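[1] okay, predicted coordinates and the sequence, questions at the end:
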Amino acid sequence: LVVRETLREPELVRALIERMSRWFFVPNRDEKHPGTVSCVYPFVFSTRVFYSPVVVEPLREGVEVPPGRRPYWIDREISPKVRELEDIYSVYLLANPRLAGTITFEFVLSSAGAVERVSVVENTTGAASLAGDVAAKISRWSFTPLEERGPEQDVVVTYPIVFGAGRVED
């Protein structure tokens with residue numbers, strides 16, 4: 001039984017119902033509390049956080065970006081951390097379900113793997129506190145240290161994050 005459906009995606013709803021019909025619940029063997037149990041399980045598909053390819057440049061002119069700091073490797077390390085950003089965004093969605101936009105961050109990534117000097121380059125969400133909370137989280141990230149270390153190995157990472165609320169009822 002579907003109580004409320006706002007996805008407007010009948011195929012997804014059918015697939016969820018079909019899979020839920022195979023869920024197994026341990027039978028109630030408590031004689032003091034016999035009867036049936038109803039279960040309400042909300043599926044929420046409203047939070048989406050996507051990150052765009054990063055731009056990586058050497059901190060010092062005339063120096064090449066070290067192989068371990070090329071966009072591919074940074075993307076690989078950022079990908080598992082995106083869930084942390086979704087958690088922050090979810091809190092803001094409670095207050096404003098239509099909150100969406102892009103926040104572009106710039107930070108220095110040291111050869112030791114530490115994130116330094118995080119700043120907001122652009123924010124189209126209109127939520128300065130969201131940008132601040134995400135920047136604080138990014139400042140605590142760590143990356144794989146490079147074998148060859150030194151300030152000449154530090155890079156500037158420009159990182160646009162697209163925050164988009166899912167479908168919201170009109």
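    Cool, the structure landed. What you see is a predicted model; the values in this text were computed from it and never measured.
[2] how about the helices in the chain?
    10-20, 71-78, 82-95, 128-139 (DSSP state H).
[3] rebuild those as TSV, extending it with distance to residue 117.
    For the C-beta atoms, the positions are set from N, CA and C on the backbone; glycine is no exception. Converted to TSV, the helices of the chain look like this (distance: least, CB to CB, whole Å):
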stretch	distance to residue 117
helix 10-20	42
helix 71-78	16
helix 82-95	19
helix 128-139	9
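[4] adding mean pLDDT, write the ones you listed out as CSV.
    Listed next are those as CSV, based on pLDDT from 0 to 100:
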stretch, mean pLDDT
helix 10-20, 77
helix 71-78, 87
helix 82-95, 89
helix 128-139, 97
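[5] quick one: closest of these to residue 121.
    helix 128-139 (10.0 Å; CB to CB).
[6] and the closest one, how far from the chain's centre?
    Put simply, helix 128-139 sits 12 Å off its chain's centre (CA atoms, centre = their mean, to the nearest Å).
[7] which other helices and strands contact it?
    The helices and strands touching helix 128-139, judged by 3 or more CB pairs under 8 Å, 6 or more residues apart in numbering; DSSP states H and E, are helix 82-95, strand 101-109, strand 115-123, strand 155-165.
[8] buried ones in that helix?
    130-131, 133-135, 137-138 (16 or more other CB atoms under 10 Å).
[9] in TSV: those, plus distance to residue 164.
    Output for the buried residues of helix 128-139, formatted as TSV (distance: CB to CB, whole Å):
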residue	distance to residue 164
130	13
131	15
133	17
134	14
135	19
137	18
138	19
